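*Asks:* Here is my input; please provide its structure:
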Amino acid sequence: MKCPTQDFQQETKKKMRAVQDSMDVLNGKWKVSIISSICCYEKRRFSDILNDVPGISNRMLSKELKELEINQLVKRTVLDTQPITVQYELTEHGNTLHAIINCLSDWGIAHRKKIVEK
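*Replies:* Below is the predicted model of the structure:
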């Protein structure tokens with residue numbers, strides 16, 4: 001049996017560290033769903049996201065959106081309306097997640113189909 005080279009092992013560790021970094025940012029039950037909601041519509045109000053993500057509470061949505069803002073994935077804009085409207089959109093950096101969201105969606109559709117067919 002051939003042993004992996006040291007370069008291969010280092011590259012593997014680097015990739016695993018990068019995956020862990022990604023998971024640290026996107027961790028939890030809600031963040032990917034929140035990002036998906038904003039991805040689909042480009043700009044969403046708080047109440048729209050709340051309706052898009054079944055089971056999330058106001059408090060949890062607020063917390064998760066703040067964390068996504070801190071990680072520079074989501075931009076919060078307060079609109080000058082009566083009553084005041086808050087709108088969320090992905091930042092330029094957040095928009096890099098579109099491909100990942102699309103891949104997750106495609107995989108989810110294929111997986112559901114495979115499971116239902118059994």
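*Asks:* Only the buried residues of stretch 81-100, if you could.
*Replies:* Within stretch 81-100, the residues scored as buried using 16 or more other CB atoms under 10 Å are 87-90, 94, 97. Glycine gets a C-beta too; all of them are placed from N, C-alpha and C.
*Asks:* Then stretch 13-29?
*Replies:* L26.
*Asks:* gap between it and the chain center?
*Replies:* Chain-centre distance of stretch 13-29: 12 Å, with CA atoms, centre = their mean, to the nearest Å.
*Asks:* helices or strands next to the helix or strand harbouring D21 in the packing?
*Replies:* In this structure, D21 sits in helix 6-26 according to DSSP states H and E. If contacts are counted by 3 or more CB pairs under 8 Å, 6 or more residues apart in numbering; DSSP states H and E, helix 6-26 sits against helix 31-41.
*Asks:* now the very next helix or strand once past the helix it packs on, how far from the chain's geometric center?
*Replies:* Note on helix 31-41: by DSSP H and E, the next helix or strand toward the C-terminus is strand 43-45. Chain-centre distance of strand 43-45: 15 Å, with CA atoms, centre = their mean.
*Asks:* got a pLDDT number for the residue most central in space within the chain?
*Replies:* Nearest to the mean C-alpha position of the chain, by CA atoms, centre = their mean, lies V32 at 3.0 Å. Looking at V32, its pLDDT stands at 96.
*Asks:* cool, E117 as well?
*Replies:* The model's pLDDT for E117 equals 87.
*Asks:* ok, now K2?
*Replies:* In the predicted model, K2 carries a pLDDT score of 64.
*Asks:* on that earlier part again, so which of the buried residues of stretch 81-100 belong to strands?
*Replies:* Of the positions in the buried residues of stretch 81-100, 87-90 sit in strands, assigned by DSSP state E.
*Asks:* So what does R76 have for phi and psi?
*Replies:* phi -110, psi 130 (degrees, to the nearest 10).
*Asks:* so where's this protein shaky on pLDDT?
*Replies:* Low-confidence segments of the chain (pLDDT under 70): 1-2.
*Asks:* Wait, a strand at Q82?
*Replies:* No. Read with DSSP: H, G, I helix; E, B strand; the rest coil, Q82 is coil and lies in no strand.
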